[in-house]
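*Asks:* What follows is a predicted structure for the sequence shown.
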Amino acid sequence: MAVPKLKELTRHEIGKNTWLGVSESDAFSRFQPHSLEYEVLANEEAVGNAMFEELQDIARQKEGDIVFVLLGGRGAQALHKKLGSLAKTNEIDDLLDRLHVFTQDALAPMRMNNSFSFVRDFERLLGEDFFKKIKSFTPMQTESNDLEADMVRYVEKIESLGGIDIFFLGHGPEPEANSHLCYIKPHSGASLNDYVGVIPISESILEHHISKFKAGGTEAKEGDEAECRNAKFILTLAPLAILTAKRVVQSIVDASTAPAKVASFKKVIETKLSGDKTELANQIDENPGLLIRLHPNSRTLILPDVLG
């Protein structure tokens, strides 16, 4: 499915959640539920190498530029370190020169240089040479005076580049063994027609965000954690952005530091998805981690501890 045209974008509110997407009546007919096949790899380095191979595969399969959505936190740190190391050489310059890099979520309002910002973490791991060599880098604007307007411009840029070629995705735990993808929170009302959202932040997500950054080695400057804890909104790509990406690669590597992922991943695997569209929509709203089971071209990489 093509990226939605901006003239078709509609705004709707579910409680305090604002979603921007397209007006279509039967999104479920395009995305068929399936079981989740996953691969257990030995360590984070192996996961990072597999992710890098996926990026190289896209480069071989497609001519021209590549639209690449980065994964934050622990899930892709091995990939980022590998890309950062290679960027210091000329080994992958041809690949880097084709990359349009986007982030998938952010906490706002927050200074862009806050050490708990995904942008700062990307800079730390990917390094200066990476950002000099890629074609473009587009982070979500967390200091914006009009978050919704900036999110529309975000979609506009993705659309102008032909849509997402490869989307690196994680898996976040939620209460009752549910889960979030990007920051699509359970019971947030996101539909399969929604491409981006601006939603209120929850304490559980704040704690998860801060703890995974600390576990990943973030050294916070004075005041950064307090500012992060005062964030009010999450900016996020939504279900349609995930489902219309040409390739999705999910990685889950941090169950040892986020043990709730064991139960939440188990629920994603074992949930019997309904054939009734209304019931299926309710299942996904309750547990957005199930979205991975609708994508027609995805791969899930995990470490052994994710299986408990």
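*Replies:* The structure has been received and is ready for your questions.
*Asks:* surely residue 243 meets residue 31?
*Replies:* Yes - under the contact definition of Cβ atoms under 8 Å, residue 243 touches residue 31, with a separation of 5.5 Å. Every residue, glycine included, has its C-beta placed from N, CA and C.
*Asks:* which ones are touching residue 44?
*Replies:* Listed by Cβ atoms under 8 Å, 6 or more residues apart in numbering, the contact set of residue 44 reads 74, 77, 78, 253, 303.
*Asks:* cool, residue 62 as well?
*Replies:* So residue 62 contacts residue 165 (Cβ under 8 Å, 6+ apart).
*Asks:* again, but for residue 261
*Replies:* Contacts for residue 261 (Cβ under 8 Å, 6+ apart) come out as 171, 172, 173, 179, 252, 254, 255, 306.
*Asks:* any idea how far it lies from residue 303?
*Replies:* 10 Å (Cβ to Cβ, to the nearest Å).
*Asks:* that older thread, ranking by neighbours, what's the top pick from the contacts of residue 44?
*Replies:* Counting neighbours by other Cβ atoms under 10 Å, residue 253 comes out on top of the contacts of residue 44 with 28 neighbours.
*Asks:* What pLDDT is listed against that residue?
*Replies:* At residue 253 the predicted local distance difference test score is 95.
*Asks:* related to what we said a few turns ago, any common contacting residues for residue 243 and residue 31?
*Replies:* Here residue 243 and residue 31 share the contacting residues 192, 294, 295, scored by Cβ under 8 Å, 6+ apart.
*Asks:* ok, and the most crowded of these?
*Replies:* residue 192 (24 neighbours).
*Asks:* Let me know the pLDDT of that residue.
*Replies:* pLDDT for residue 192: 92.
*Asks:* quick one: buried residues of stretch 63-79?
*Replies:* 66-79 (16 or more other Cβ atoms under 10 Å).
*Asks:* In stretch 47-63, which residues are buried?
*Replies:* 47, 48, 50, 51, 52, 54, 55, 58, 59.
*Asks:* nope, stretch 241-258 is what I was after
*Replies:* 241-255, 258.
*Asks:* Which ones among those map onto strands?
*Replies:* When the buried residues of stretch 241-258 are checked against strands (DSSP state E), the matches are 247, 248, 249, 250, 251, 252.
*Asks:* so the fifth one makes contact with residue 75?
*Replies:* Pointing back at residue 251 there. Yes - the criterion here is Cβ under 8 Å, and residue 251 meets it with residue 75 at 4.6 Å.
*Asks:* can you list residues touching both of the two?
*Replies:* 168, 170.
*Asks:* Residue 286 versus residue 35, what's the distance?
*Replies:* Taking Cβ to Cβ, one finds residue 35 at 19 Å from residue 286.
*Asks:* residue ranges for the strands of the chain, please.
*Replies:* Assigned strands in the chain, in chain order: 9-14, 17-22, 38-40, 66-69, 99-102, 105-108, 136-138, 166-169, 172-173, 179-180, 194-200, 233-237, 247-252, 298-302 (criterion: DSSP E).
*Asks:* mind putting the ones you listed in JSON lines, distance to residue 128 included?
*Replies:* As requested, these are arranged in JSON lines below (distance: least, Cβ to Cβ, whole Å):
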{"stretch": "strand 9-14", "distance to residue 128": "35"}
{"stretch": "strand 17-22", "distance to residue 128": "33"}
{"stretch": "strand 38-40", "distance to residue 128": "33"}
{"stretch": "strand 66-69", "distance to residue 128": "18"}
{"stretch": "strand 99-102", "distance to residue 128": "14"}
{"stretch": "strand 105-108", "distance to residue 128": "21"}
{"stretch": "strand 136-138", "distance to residue 128": "12"}
{"stretch": "strand 166-169", "distance to residue 128": "21"}
{"stretch": "strand 172-173", "distance to residue 128": "29"}
{"stretch": "strand 179-180", "distance to residue 128": "32"}
{"stretch": "strand 194-200", "distance to residue 128": "29"}
{"stretch": "strand 233-237", "distance to residue 128": "25"}
{"stretch": "strand 247-252", "distance to residue 128": "25"}
{"stretch": "strand 298-302", "distance to residue 128": "28"}
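*Asks:* nearest to residue 18, of the contacts of residue 44?
*Replies:* residue 74 (28.6 Å; Cβ to Cβ).
*Asks:* Excluding covalently adjacent residues, which one is nearest to that closest one?
*Replies:* Counting by Cβ to Cβ, 6 or more residues apart in numbering, residue 74 lies nearest to residue 254, which is 4.1 Å off, once chain neighbours are set aside.
*Asks:* Now the longest helix belonging to the chain - C-alpha only, PDB.
*Replies:* Identified as the longest helix of the chain according to DSSP state H is helix 44-61. In PDB, the C-alpha atoms belonging to helix 44-61 read as follows (Å, rounded to 0.1, in the frame of the first residue of the first chain):
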ATOM      1  CA  GLU A  44      23.200  -8.600  20.800                       C
ATOM      2  CA  GLU A  45      26.100  -8.600  18.300                       C
ATOM      3  CA  ALA A  46      24.500 -11.300  16.300                       C
ATOM      4  CA  VAL A  47      21.200  -9.400  16.300                       C
ATOM      5  CA  GLY A  48      23.100  -6.200  15.200                       C
ATOM      6  CA  ASN A  49      24.800  -8.100  12.400                       C
ATOM      7  CA  ALA A  50      21.400  -9.500  11.200                       C
ATOM      8  CA  MET A  51      19.900  -6.100  11.200                       C
ATOM      9  CA  PHE A  52      22.900  -4.800   9.200                       C
ATOM     10  CA  GLU A  53      22.400  -7.600   6.700                       C
ATOM     11  CA  GLU A  54      18.800  -6.500   6.300                       C
ATOM     12  CA  LEU A  55      19.900  -3.000   5.500                       C
ATOM     13  CA  GLN A  56      22.300  -4.200   2.900                       C
ATOM     14  CA  ASP A  57      19.600  -6.400   1.400                       C
ATOM     15  CA  ILE A  58      17.400  -3.400   0.900                       C
ATOM     16  CA  ALA A  59      20.300  -1.600  -0.800                       C
ATOM     17  CA  ARG A  60      20.900  -4.500  -3.200                       C
ATOM     18  CA  GLN A  61      17.200  -4.900  -4.000                       C
END
